[in-house]
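S.K.: sequence unavailable; structure follows:
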């Protein structure tokens, strides 16, 4: 049995992964709030942005944490196409959940279905990302901890969608984002504690790319996307602000006439 180290860089990767999860959750919630106050194409665009933010945040959290994952006695490589597929899965399933809530007429049913779909998708992303990992040995999982990680993912996803429907103020969104970031990170590490590796020493070169060759540059790129999108959302006027501006302009136009 190989010794698993979940923090080869100390607290750096767990803390950074938590920050990325919180950033994605905060941005997703703000975009969902904007979407619920909009109509037509604008609502659709805000929902897509919310889904991409949450999906990107979750995926980045997972693989930033994986930068600190190591197994004694073997190198680790990652299957590039499968890793990219896990990112697409995260975005697609989160998009399905967000749209179910954003357009659902029965809010309770939409919330439950959206939370279940999104949670299972997040868990699928996690274990698909783990399947992309190549090492010298066999990987197995503790079924009980796997089930617990999936349950956490579903609860966290449902809570995130509920927050998007019910939380409006920036302070409340910040608190909700911190809680959701903790939930998503807990899901990841619960799933990682379920991992068991039986190392088989070998001198054969492993296929795929190292974490620093592939995952690190991609994580930096996605992190930059979250930062820039956060700046855009912060600078974009809300529906209320646009209405207030329009109302202020009407008297001026009337006087001019």
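M.R.: Yep, it's here. Model, not experiment: these values are computed from the prediction.

S.K.: flag every buried residue along stretch 186-196.
M.R.: Residues 186-192, 194-195 are the ones in stretch 186-196 that count as buried (16 or more other C-beta atoms under 10 Å). For glycine as for every other residue, the C-beta is placed from the backbone atoms N, C-alpha and C.

S.K.: got the contact list for it?
M.R.: Contacts to stretch 186-196, defined as C-beta atoms under 8 Å, 6 or more residues apart in numbering, come from residues 1, 4, 6, 14, 17, 61-62, 65, 69, 122-123, 126-127, 130, 139-146, 148-149, 152-153, 156.

S.K.: all helices of the stretch 1-150 of the chain, in order?
M.R.: Assignment of helices within the stretch 1-150 of the chain using DSSP state H, counting those that start in this stretch yields the ranges 12-36, 40-67, 80-103, 107-131, 143-166.

S.K.: buried sites along stretch 168-185?
M.R.: Using 16+ other C-beta under 10 Å as the test for burial, stretch 168-185 gives 173-174, 176-177, 179-181, 183-185.

S.K.: which one of those sits closest to residue 38?
M.R.: Looking at the buried residues of stretch 168-185 and their distance to residue 38, the nearest is residue 173, at 17.0 Å (C-beta to C-beta).

S.K.: what's the distance between that closest one and residue 146?
M.R.: Residue 173 is 31 Å from residue 146, where distance means C-beta to C-beta, to the nearest Å.

S.K.: kindly report the same for residue 106.
M.R.: Summarising the geometry, the distance separating residue 106 from residue 146, computed by C-beta to C-beta, is 32 Å.

S.K.: how far is stretch 146-162 from where the chain is centred?
M.R.: Relative to its parent chain, stretch 146-162 has a centroid offset of 12 Å by C-alpha atoms, centre = their mean, to the nearest Å.

S.K.: looking at the protein, which helix or strand is least sure?
M.R.: Lowest mean confidence among the helices and strands of the chain (mean pLDDT, DSSP states H and E): helix 239-256, at a mean of 53.

S.K.: quick check: pLDDT value at the residue nearest to the spatial centre of the chain.
M.R.: For the chain, the residue nearest the mean C-alpha position is residue 58 (2.0 Å; C-alpha atoms, centre = their mean). Predicted confidence (pLDDT) at residue 58: the value is 88.
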